[in-house]
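In: Structure for this input, please:
(4 chains)
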There are 2 protein chains.
Amino acid sequence: MAEPMYRQIAEDLQRRIESGDLEQGAQLPTEIDLREQYEASRNTVRDAIKWLTTRGLVETRPGQGTFVVEKIHPYVTTLTGKADIGGGDESVYIAEVEASHRKSDISEPRVEIQRADGVIARSLRLDAGAQVVARHQQRFIDGTPWSLQTSFYPMSLVQQGAIALIQATDIVQGTVAYLAEACDIHQTGYRDTIAVRPPDENEVRFFKLPADGRVPVFEIYRVAFDKTGKRLRLTVTVYPSDRNRLRVDVGEVPPRRIQRLPDTPEPDHD
Amino acid sequence: MAEPMYRQIAEDLQRRIESGDLEQGAQLPTEIDLREQYEASRNTVRDAIKWLTTRGLVETRPGQGTFVVEKIHPYVTTLTGKADIGGGDESVYIAEVEASHRKSDISEPRVEIQRADGVIARSLRLDAGAQVVARHQQRFIDGTPWSLQTSFYPMSLVQQGAIALIQATDIVQGTVAYLAEACDIHQTGYRDTIAVRPPDENEVRFFKLPADGRVPVFEIYRVAFDKTGKRLRLTVTVYPSDRNRLRVDVGEVPPRRIQRLPDTPEPDHD
DNA sequence: GGGTATTTGTCCGTATGTATT
DNA sequence: AAATACATACGGACAAATACC
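Out: Model prediction:
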């Protein structure tokens, strides 16, 4: 027996899905039915379904059944923007999203003062234990959860006059513009580092991801610099990877076409 | 009992891992031992281990045991380069990697002529069924598999003199430089779209990923343009997400520090 | 709202196969 | 070859979620 039985069942079902025999959103036969069709035990059938689930082909709903997953038309977030007018801050994202006929909301920030732990301190080149301002925000598109974001600012910025950073109010013009106004600090660039990892419990709840952690999240670390190379801010943004794509434009790139409505069958890397 | 038993067991083990009680690389008690420790059946213990496995905390090795996964020091790939001197092509990657004291190898390309299917045709703005050259390559760092890459070129480029595209030989100066030499076609920019998905069977084999598909891969679609906005190429690159990070630099960014050796405990988004 | 049928989720025990040491 | 440890497969029982009447 080269191939275990549950794999054979899974691959047969996969074939039926990819051939269109089972359409998107269609319900699979129940575990009892599959047990009879494949002459296997229910647990073996369940192993096959679990295999398909891990690969994102089907999803199970307790009390209802097993269904072929429907492809999600992804949101596209462009990471390359004007380095000096935002780059990851509130205002830019809103402009992006509204341009594609979608409505973006952002929560009021939850503000904390905390000691910079290892990663934050190193990213901002602070001594371990230095004070930082953490601003947590939730972002929605058309009412559905889109991203979780936390920005860390050295407390020294507040001492230089950027007192709005420690107020639990959205900075509508964007913190980049605000820092320029409030204390003549000008962001001239940023560096993003993109990783992928399983979601934690908070993220599972907020994004309504499957509890088994099979849908990973993008985690983007953005370190912003001024013209002397000083580190102004670390922003950590988390996106669920199943409904998001990231875009990077380099050099001369033609303007994007208007983003289509969710049901049109176009490639999402257009 | 709000929490199922296997979750309680999993969370207890997770706590023991994150507290350092079980160190990286350490072997967990065997399933039989855990069955006795938690007074559960072996199947329930196995469900707990599967839960930890999906989250990348442990791995099982048949005949050996279950082990706490060791963190991998990731490779960092910068997506933003000079738009006109490569940007994702062979030579640039090699320079990047060698600068961090690692040795990069690339396979000779496997070249195919094929009809552009839906996604490729749309990305290159070709009519469906138009001929394209596909060049598949495998990339290694220090001998370990790093990325799989396929570039698609419109056949019209070959007719304009870029005959090396249809030869199964690496284009050492990079195809961007080659196209400039051979037929005066100059790339001026590119656009990347980053997605994450489970690996297919080829990728599992090549990258030696776990067969259950729990480690996703980055898939980067790069469309390159000339100054008129014409689409010169589509390059699809796949990286395993467990050992890779992507970097995007925008605006003025200070030079990177030398990349450290794998065993130093620095953040990988430095 | 309540009750019932359906469907998946959890948990058990057991047996046998396969990979590794 | 033997021992160990995980992988596969079976069958059964009950719980929990959902849909429907």
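In: Chain neighbours aside, what residue packs nearest to residue A:169?
Out: Among residues not flanking residue A:169 along the chain, residue A:108 sits closest, at 6.5 Å (CB to CB, 6 or more residues apart in numbering or on different chains). All C-beta atoms are positioned from the backbone trio N, CA, C, and that covers glycine.
In: I'd guessed that neighbour sits against residue A:167; true?
Out: No. Between residue A:108 and residue A:167 there is no contact under CB atoms under 8 Å: 10.0 Å.
In: neighbours around the residue nearest to residue A:169, how many?
Out: 10 (other CB atoms under 10 Å in any protein chain shown).
In: Next: residue A:237.
Out: 23.
In: Then residue A:191?
Out: 23.
In: Same check on residue A:205?
Out: 12.
In: Enumerate every residue touching it.
Out: When contacts are counted by CB atoms under 8 Å, 6 or more residues apart in numbering or on different chains, residue A:205 touches no other residue.
In: And it, how far from chain B?
Out: Distance, residue A:205 to chain B, by CB to the nearest CB, to the nearest Å: 15 Å.
In: what kind of secondary structure is that residue in?
Out: With DSSP: H, G, I helix; E, B strand; the rest coil as the basis, residue A:205 sits in helix.
In: try the one 4 residues further on
Out: Following three-state DSSP, residue A:209 is assigned to coil.
In: What about it, how many residues nearby?
Out: Residue A:209, neighbours per other CB under 10 Å, totals 21.
In: thought it was touching residue A:199?
Out: Yes. At 5.4 Å, residue A:209 counts as touching residue A:199 under the criterion of CB under 8 Å.
In: so what sits against both of those two?
Out: Common neighbours of residue A:209 and residue A:199, using CB under 8 Å, 6+ apart, are A:215, A:217, A:240.
In: so what pLDDT did residue A:262 get?
Out: pLDDT recorded at residue A:262 is 42.
In: Oh, that last question was meant for residue A:43, not what I typed.
Out: For residue A:43, pLDDT reads 95.
In: for the one helix or strand it maps to, the distance to its chain's centre please.
Out: Under the criterion of DSSP states H and E, residue A:43 resides in helix A:42-54. The chain centroid and the centroid of helix A:42-54 are separated by 28 Å under CA atoms, centre = their mean, to the nearest Å.
In: do stretch A:160-177 as well
Out: In terms of CA atoms, centre = their mean, the centre of stretch A:160-177 is set 24 Å apart from its chain centre.
In: which SS class is the residue in the stretch 1-150 of chain A positioned nearest to DNA strand D?
Out: Using CB to the nearest atom of the strand, the closest approach of the stretch 1-150 of chain A to DNA strand D is made by residue A:63 at 2.5 Å. Under the three-state scheme (three-state DSSP), residue A:63 adopts coil.
In: So it versus residue A:30, what's the distance?
Out: 12 Å (CB to CB, to the nearest Å).
In: Looking at the two, which is more packed in?
Out: Using other CB under 10 Å, the more surrounded residue of residue A:63 and residue A:30 is residue A:30, with 13 against 4.
In: Do I have it right that the more buried one meets residue A:67?
Out: No. Between residue A:30 and residue A:67 there is no contact under CB under 8 Å: 11.6 Å.
In: Could you find the closest non-adjacent residue to residue A:243?
Out: Nearest-residue entry for residue A:243: residue A:72, 4.7 Å, with adjacent residues in sequence omitted and distances by CB to CB, 6+ apart.
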